[in-house]
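J.: After the sequence you'll find the predicted model.
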Amino acid sequence: MRRAMARAAVGDDDYGEDPAVNELQRLAAGILGMEEALFVPTATMANLIAVMCHCQRRGGQLLLGRDTHLHLYEHGGAAQVAGVHSQALPDLPDGTFDLDCLELAIREAHGSRYHPRPELICLENTHSSAGGRALPLTYLQQVRRLADRYGLRVHMDGARLMNAAVAQNVEPAQIAQHCDSVSLCFSKGLGAPAGAVLAGRREFVGEAWRVRKLLGGGMRQAGVLAAAARVGLEHAEATLCRDHDNARRFAEGIQELNSPICSVNLAAVETNIVMVSIRGGWPSPTELCEHLRAVSEEELAETGQAVSVLLFPWSARTVRAVWHRDVSARDTELAKNKLEFVARKCQEKLALGLRPEEPGAGGA
């Protein structure tokens, strides 16, 4: 990937003259089954551009899941920048939302003089907060039919769309065909240092170019980034299959532990994300992550290895583990062994009554 970046033929992308960017855009558009694609610095920018292109009247409304990345982790750009109101619907465990609930929200606002005008439905695939679940193709068809019934458009935050395609063993275009626009991130599972594309119809992408310029996303010799993205895209299937297999092995290892400290729902492990549920009051997700990251003399003495594992404390009772191209099967085995060691040590402390007191606990 770094060799490709060093050898990239470049030009001024702001004038459409960067050959590496132009080739990446053509390649991505073809893979996604769209007429054109636009290279942008981040998937967050791609999503905001899509919202601004689809909802051009201030006070328009987009409908999306309340736990989606666009709603929670993109700084409210739809409201701050685009002047668009978000109607957040409850997410189901598989990353979908109830279609009856969606239709009710649309119908209540459709033609109303008091509600914001519903204009756009946003989906996330795979769904990060749901643990990397891939949205079912039948669900996407149903959302498309519902959107058409009420004259709404559909945008897919496809930051991990390639993971969904690999997990479902379909071409990415089979997923994207149900949407008016789709974003695809190159800096997650595909392993590039930066970049994303936003794809759709030719007229849509033409307007997206203008909004990209407005948001400061126009770049000059961006071919060095496009070259890395192309390598990631061309090797996506092999890379992501390996990531999915490693994540699955890690999850199976947790289940085999049968530990009172942590557990996992194997049925929910579909791609490269594993959500680990934390049981009891101690350790908390943050404390467990600290133990996994730290290396002790005790660990070295007992296991003969010093392993530091980086997991993320996702919520009050959940830790998230994510695989990417630089995490090997051997790394996965080491991480599994480290979790087993940490869980056993925590269990031993609990058995001895050595659990740390909560802040403020104890006598006056």
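T.: Ah, there it is.
J.: just so I have it, where are all the strands in the chain?
T.: If you assign secondary structure with DSSP state E, the strands in the chain sit at 36-40, 60-65, 85-89, 117-124, 153-157, 181-185, 196-200, 262-264, 273-278, 312-315, 318-322.
J.: want to throw these into JSON lines with distance to residue 71 and mean pLDDT?
T.: Where C-beta positions appear, they are placed from N, C-alpha and C, glycine not excepted. Written out in JSON lines, the entries for the strands of the chain read as follows (distance: least, C-beta to C-beta, whole Å; pLDDT from 0 to 100):
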{"stretch": "strand 36-40", "distance to residue 71": "20", "mean pLDDT": "98"}
{"stretch": "strand 60-65", "distance to residue 71": "5", "mean pLDDT": "96"}
{"stretch": "strand 85-89", "distance to residue 71": "6", "mean pLDDT": "96"}
{"stretch": "strand 117-124", "distance to residue 71": "8", "mean pLDDT": "97"}
{"stretch": "strand 153-157", "distance to residue 71": "10", "mean pLDDT": "98"}
{"stretch": "strand 181-185", "distance to residue 71": "15", "mean pLDDT": "98"}
{"stretch": "strand 196-200", "distance to residue 71": "18", "mean pLDDT": "98"}
{"stretch": "strand 262-264", "distance to residue 71": "26", "mean pLDDT": "96"}
{"stretch": "strand 273-278", "distance to residue 71": "18", "mean pLDDT": "97"}
{"stretch": "strand 312-315", "distance to residue 71": "16", "mean pLDDT": "96"}
{"stretch": "strand 318-322", "distance to residue 71": "18", "mean pLDDT": "97"}
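J.: so which of those gets nearest residue 351?
T.: Checking the strands of the chain against residue 351 by C-beta to C-beta gives strand 262-264 as the closest, at 16.3 Å.
J.: Determine the set of other helices and strands touching that closest one.
T.: In terms of contact count using 3 or more C-beta pairs under 8 Å, 6 or more residues apart in numbering; DSSP states H and E, strand 262-264 is assigned the packing partners helix 236-257, strand 273-278.
J.: how far out from the middle of the chain is it?
T.: Taking the mean of its C-alpha atoms, strand 262-264 sits 22 Å from the chain's own mean (C-alpha atoms, centre = their mean, to the nearest Å).
J.: Note down every partner strand of that strand and its orientation.
T.: strand 273-278 (antiparallel) (DSSP bridges).
J.: Now for residue 155: which residues touch it?
T.: 47, 50-51, 54, 120-123, 179-183 (C-beta atoms under 8 Å, 6 or more residues apart in numbering).
J.: Lowest-scoring secondary structure element of the chain by mean pLDDT?
T.: None of the helices or strands of the chain scores lower by mean pLDDT, DSSP states H and E than helix 297-303, at a mean of 89.
J.: Which neighbouring elements make contact with that one?
T.: With contacts defined as 3+ C-beta pairs under 8 Å, 6+ apart, the secondary structure elements packing on helix 297-303 are helix 329-351.
J.: Just the mean pLDDT for the helix it packs on, thanks.
T.: The average pLDDT for helix 329-351 rounds to 94.
J.: What separation is there between residue 144 and residue 89?
T.: To residue 89, residue 144 is 17 Å away according to C-beta to C-beta, to the nearest Å.
J.: Just want to know which of the two has more residues nearby.
T.: Of the pair residue 144 and residue 89, residue 89 is the one with more neighbours under other C-beta atoms under 10 Å, namely 22 against 17.
J.: Show the contacting residues for the more buried one.
T.: Residues in contact with residue 89, defined by C-beta under 8 Å, 6+ apart, are 63, 64, 65, 66, 97, 98, 101, 102, 105.
J.: Widest-spaced pair of these?
T.: Looking at the contacts of residue 89 by C-beta to C-beta, the two members farthest from one another are 64 and 98, with 13.4 Å of separation.
J.: okay, the two: which has more neighbours?
T.: Neighbour comparison, residue 64 and residue 98: the larger count goes to residue 64, with 26 against 12 (by other C-beta under 10 Å).
J.: show me the contacts for the nearest residue to the more buried one once chain neighbours are set aside.
T.: Excluding its sequence neighbours, the residue lying closest to residue 64 (C-beta to C-beta, 6 or more residues apart in numbering) is residue 122, at 4.0 Å. Listed by C-beta under 8 Å, 6+ apart, the contact partners of residue 122 are 47, 51, 62, 63, 64, 68, 70, 154, 155, 156, 157.
J.: Export the contacts of residue 89 as a markdown table, with columns for distance to residue 314.
T.: Output for the contacts of residue 89, formatted as a markdown table (distance: C-beta to C-beta, whole Å):
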| residue | distance to residue 314 |
| --- | --- |
| 63 | 25 |
| 64 | 20 |
| 65 | 16 |
| 66 | 16 |
| 97 | 20 |
| 98 | 23 |
| 101 | 25 |
| 102 | 26 |
| 105 | 27 |
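J.: Which one of those residues sits in the busiest neighbourhood?
T.: Neighbour counts for the contacts of residue 89 were taken using other C-beta under 10 Å; the highest belongs to residue 64, with 26 neighbours.
J.: so that one touches residue 74, yeah?
T.: No - between residue 64 and residue 74 no contact is recorded; they are 10.9 Å apart, counting by C-beta atoms under 8 Å.
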